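Asks: The sequence and its predicted three-dimensional model are supplied below.
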Amino acid sequence: MQTRESDLRRAAFGDDPGLGDRVLAAADGPRERWLAAVVLGARGRYAAAASILQPLARGTDDVAAALAGSTLASHRRQLGGHAAAQPLDGAALARALGATGTPDDDGLDPAGARADALLGLAADNLALGRLTASRRLIAAAAEHVTSWRTRVRAGWVSAEVALAGGGAAAAVPHAEQAAACARQRGAVRHTVKSDLVLAAALAATGEPVARERAAALVTAALEAARSYRLGSLGWPAGLLAADLEPRRADQHRAWVTRELHALLPATDPEGRRLARASPWVPI
C-alpha cells in the first residue's frame, strides 16, 4: 500500500481526519479517489466529493463504482434527500453483486460494497416509513458485514430502525456496539457519528441518567466535529444539543443555522435543492 493511500485511509477511517487538501487533490486511481471523496464529504464539501464520486460510479471497477454510488447516496441522505438516495443505492447494489476482489480490512471489497448498498437501502426505506423493508435489508446485509466499518454502519442503521419503531431500549445496544467498535479501531469520524446515534437512543429512553449521559456524549461529539472540521456531523450534533440543553437551545439552533448556510455553498446544485426541500434540514 502506498503511503498516500495509508494517509487517505487514516483520514477517512482513522485518527487523522484533518488531512491536507494537497494530498486529497493528488489522489490517483479508483480506491484513492474514493477515499478522498469520503474525506471531503465528511467535511461537508459535497460538491467536491460529487465531482469524484459521479465518474467513479460510472467507471469499470465494480467495487469502486459500488462504493462511490453508496457514498453519493449517503451524502444525499445527509442533506435530507432519502428518496433521491434510493436509486443510487440500488445501482450500487447492482454493481456490487457482480464485483470480485480480495478481502480488505476496511471493507473496500465486494462484501463491503454489498453491505454498504444494502444498509444504504435500509436507511432510505427507514426515512420513507418502510420499517419492515428496512429490517429485511439489514438482515440481508448481515452476511456481508465482514469488516469493522460495515459492523459500525450496521449498528447505526439497526439503532435508527429500532428508534423509528418506538424501541429506544432496543436501539441502545446496537448503538453501544457501534461506538465500541469505532473506538477500538481508533476511527475518529465513526466514533463521533456513533456517539450521536447512541446519544439519540439514550435520550429517547426518557431516563434522567441516560439523558445526562447523552448530553455528555453530544457535547464531546460537537467539540470533535468542530475540531476536525466534520461539517457533515456538526449541525446534527447541534440539533441534538438543542434538544438536550433546553436552556441553550436557541444558541445551539443559531449555530446550526450558521453552519448550514456555510455548508450550502460547498454543496452541488442537486444537494442544495434536496436540502432546501427537506423537512429534516432546518435551513
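Replies: Structure received. Remember, predicted model here, so these are calculated numbers, not experimental data.
Asks: okay, CA-based contacts and neighbour counts for the rest of this
Replies: OK.
Asks: so who does the residue nearest the centre of the chain touch?
Replies: In the chain, the centroid-proximal residue (CA atoms, centre = their mean) is residue 74; its distance is 6.2 Å. By CA atoms under 8 Å, 6 or more residues apart in numbering, the residues touching residue 74 are 85, 120.
Asks: and the gap between it and residue 172?
Replies: Distance of residue 74 to residue 172, given as CA to CA, to the nearest Å: 23 Å.
Asks: go on, residue 31?
Replies: Residue 31 is 34 Å from residue 172, by CA to CA.
Asks: So between these two, which is more surrounded?
Replies: residue 172 (26 against 21; other CA atoms under 10 Å).
Asks: Surely that one touches residue 159?
Replies: Yes. Using CA atoms under 8 Å, residue 172 is in contact with residue 159, at 6.7 Å.
Asks: and for the two, which residues touch both?
Replies: residue 201.
Asks: for stretch 59-77, which positions count as buried?
Replies: 61-77 (16 or more other CA atoms under 10 Å).
Asks: And for stretch 199-215?
Replies: 199, 200, 201, 202, 203, 204, 205, 210, 211, 214, 215.
Asks: pLDDT on it, on average?
Replies: In this model, stretch 199-215 has a mean pLDDT of 97.
Asks: for it, the distance to its chain's centre please.
Replies: Taking the mean of its C-alpha atoms, stretch 199-215 sits 22 Å from the chain's own mean (CA atoms, centre = their mean, to the nearest Å).
Asks: got the contact list for that stretch?
Replies: By CA under 8 Å, 6+ apart, the residues outside stretch 199-215 that reach it are 159, 163, 168-169, 171-172, 175, 198, 217-218, 240-241, 244-245.
Asks: and the residues you listed as CSV, adding secondary structure?
Replies: Listed next are the contacts of stretch 199-215 as CSV, based on DSSP: H, G, I helix; E, B strand; the rest coil:
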residue, secondary structure
159, helix
163, helix
168, helix
169, helix
171, helix
172, helix
175, helix
198, helix
217, helix
218, helix
240, helix
241, helix
244, helix
245, coil
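Asks: Make TSV out of the residues you listed and add distance to residue 117.
Replies: Below are the contacts of stretch 199-215 laid out as TSV (distance: CA to CA, whole Å):
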residue	distance to residue 117
159	18
163	21
168	25
169	27
171	22
172	24
175	20
198	23
217	29
218	28
240	27
241	30
244	32
245	35
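Asks: From these, list the buried ones, please.
Replies: 159, 163, 168-169, 171-172, 175, 198, 217-218, 240-241, 244.
Asks: For those residues, work out which two are farthest apart.
Replies: 169 and 241 (20.4 Å; CA to CA).
Asks: Tell me how many other residues surround the closest residue to residue 97 other than its chain neighbours.
Replies: What sits nearest to residue 97 in space, not counting adjacent residues and going by CA to CA, 6 or more residues apart in numbering, is residue 114, at 6.6 Å. If you count neighbours by other CA under 10 Å, residue 114 ends up with 32.
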